[in-house]
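Colleague: Output the structure for:
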Amino acid sequence: MKIFEEGVLVAKKDLYAKHTDIDVPNLHVLKLLQSLKSRGYVTERFSWLHFYYFLTNEGIEYLREFLHVPADVVPATLKKSAPRTGRPPGVGGP
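Modeller: Numbers count the residues shown, from 1 in each chain. The predicted structure is shown next:
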């Protein structure tokens with residue numbers, strides 16, 4: 001499930017279009033996420049005709065149990081990024 005892999009899902013407020021990342025009608029995506037929101041499994045933000053849904057810790061646990069995902073698999077939003085070393089290219093120095 002895309003939202004479990006990424007930890008976030010964006011859906012345009014267009015009930016008649018297909019979702020851009022998933023091959024299903026956008027209405028189905030919005031209604032599924034509305035249901036998850038009512039249970040407290042996702043939080044919702046709305047900006048510029050787009051809904052942004054973020055998994056909560058409870059949502060991660062629920063989807064892990066429902067989809068039978070191993071405990072070592074976590075959404076991308078919870079993965080630690082590699083530490084940056086040194087200066088970014090082109091900043092400071094000769």
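Colleague: mind showing which ranges of this protein have poor pLDDT?
Modeller: Applying pLDDT under 70 to the chain flags residues 1, 82-94.
Colleague: Where do the strands of it begin and end?
Modeller: Here the chain has its strands, by DSSP state E, at 8-12, 42-47, 50-55.
Colleague: possible to save these as TSV with mean neighbour count and distance to residue 73?
Modeller: The C-beta positions use only the backbone N, C-alpha and C, and glycine is treated the same way. Shown next, in TSV, are the strands of the chain (neighbours: other C-beta atoms under 10 Å; distance: least, C-beta to C-beta, whole Å):
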stretch	mean neighbour count	distance to residue 73
strand 8-12	18	16
strand 42-47	14	18
strand 50-55	18	13
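Colleague: Any chance of these in TSV with distance to residue 78 as columns?
Modeller: Below are the strands of the chain laid out as TSV (distance: least, C-beta to C-beta, whole Å):
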stretch	distance to residue 78
strand 8-12	11
strand 42-47	14
strand 50-55	9
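Colleague: With respect to residue 72, which of those lies nearest?
Modeller: Closest approach to residue 72 among those is made by strand 50-55 (16.8 Å; C-beta to C-beta).
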